[in-house]
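Sequence plus predicted model, see below.
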Amino acid sequence: MRNALCANLCGLAPLRQTRNGPDYELKLLRGFDPNAGYQNGFLSIGNFDGVHRGHQQMMACLVRHAQKLSVPSVVFTFDPHPIQLLRPYECPPSLTSFDQKAELIEACGVDFLVVYATDLRLLNLSAEEFFASVVLDDFKARGLVEGPNFFFGRDRAGNSQVLKTLCNGAGIGLDVVPPVFVGASMVSSSVVRRLLVEGDVAQASDLLGHRYRVVGRVSHGSERGAKIGFPTANLTHVVTVLPRDGVYAGIVYHDGQRYAAAVNLGPNPTFGEKRRKIEAHLLDFDGDLYGESLELEFVTRLRDTLTFPNAEMLSRQLKQDVEQTRGVVSRMLNR
């Protein structure tokens, strides 16, 4: 898996690859198919936004239980997030696109990812009805693995204690994985999101267990960067959380290669531009990227967005940003 490899290269512990061998591949299903082979296994239910270290602990536990009994390990998730239907004005931006989420879950060694197209019928089930219909009937689960903040059923009436009672009554096992801490910070999607909004991409990556990554398409910009010697790839159509405005050291993945990149996120006040943009200057790259899809990982924040009196002084600062980026990324990849 590229993400497991990249996490290792970036100096982070790789995602736990619990299923080895060339034949392993996550089986992705949209909707229920009782003939697909996911029934009678161990099940985890949730949104898993970011697939952070807490989620990874859950999935490692899930896979261990399943492998011990030679049954499938299954993750059940929702697309879109239930909040988009219930309270769309409160729905936070995602940390991962669906494709990213599936890739990260696969890196954990899970056998099946079953995705439910969220609808009001499911959301209106009581906790007891959800358990009977989904856990017992659809999955015929032998056991569940969940986190401490798991809620289910209409109005989120079901919690881990309710789930324990239901599992005991049905004679199936339940593991509630305790919260994961990185230093003093409890790992959660909301904490990661807050750190990104504050610009602390390094700490956010520590909590995620992998570099925070966005995917965008390269579009035409003003081309001012090229005129002063710093051509940039302008990323658009990014659907996930963007960090706070500023200049970052990052890594861009393109066509099987990785490039250190000095990234400006935000407006360009030196030239009076107020529109928020993502501009990545790829170090040691020469080519045309227009129309291409790029993956950008944020490594660390270098500085705030500044206004310079002229293009020459901006160019001097950009040279410093590039050298700082080169040093930061080089040290990280050579650990």
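Structure received.

check contacts around the closest residue to residue 293 other than its chain neighbours.
The spatially closest residue to residue 293, leaving aside those adjacent along the chain, is residue 217, at 5.4 Å (CB to CB, 6 or more residues apart in numbering). Every C-beta, even on glycine, is put in place using the N, C-alpha and C of the backbone. By CB atoms under 8 Å, 6 or more residues apart in numbering, the residues touching residue 217 are 235-237, 291-294.

same thing with residue 119?
residue 85.

before we move on, what about residue 73?
41-42, 59, 62-63, 65-67, 109-112.

rerun at 10 Å
Under the criterion of CB atoms under 10 Å, 6 or more residues apart in numbering, the contact list for residue 73 reads 18-19, 38, 41-44, 59-67, 108-112, 145.

I'd like the distance between it and residue 130.
Computed as CB to CB, to the nearest Å, the residue 73 to residue 130 distance reads 21 Å.

Return the per-residue confidence for residue 310.
With respect to pLDDT, residue 310 scores 84.

again, but for residue 184
For residue 184, the model assigns a pLDDT of 88.

Just the buried residues of whichever strand or helix holds residue 67, please?
Using DSSP states H and E, residue 67 sits in helix 53-69. Neighbour counts over helix 53-69 (16 or more other CB atoms under 10 Å) mark 53-63, 65-67 as buried.

swap in stretch 262-279?
The neighbour-count check on stretch 262-279 (16+ other CB under 10 Å) flags 262-268, 270, 277-279 as buried.

Ok, stretch 316-326 next?
For stretch 316-326, the neighbour count (16+ other CB under 10 Å) marks 318, 321-322, 324-325 as buried.

Contacts for it next, please.
By CB under 10 Å, 6+ apart, stretch 316-326 touches 225, 228-230, 232, 247-251, 260-264, 270, 281, 283-284, 299-300, 302-303, 306, 308, 311.

The same query, at a cut-off of 7 Å, please.
Outside stretch 316-326, the residues within contact range by CB atoms under 7 Å, 6 or more residues apart in numbering are 230, 247, 249, 260-262, 281, 283, 302, 308.

Stretch 188-199 now?
Defining contact as CB under 7 Å, 6+ apart, one finds that stretch 188-199 is touched by 49-50, 52, 54, 92, 95, 185, 203-204, 207-208, 212, 241, 243-244, 246, 301.

Could I get the average pLDDT for it?
Across stretch 188-199, pLDDT averages out at 96.

quick one: that stretch to chain centroid distance?
How far stretch 188-199 lies from its chain's middle: 12 Å, per CA atoms, centre = their mean, to the nearest Å.

Going by neighbour count, list what's buried in that stretch.
Using 16+ other CB under 10 Å as the test for burial, stretch 188-199 gives 188-189, 191-193, 195-196, 199.
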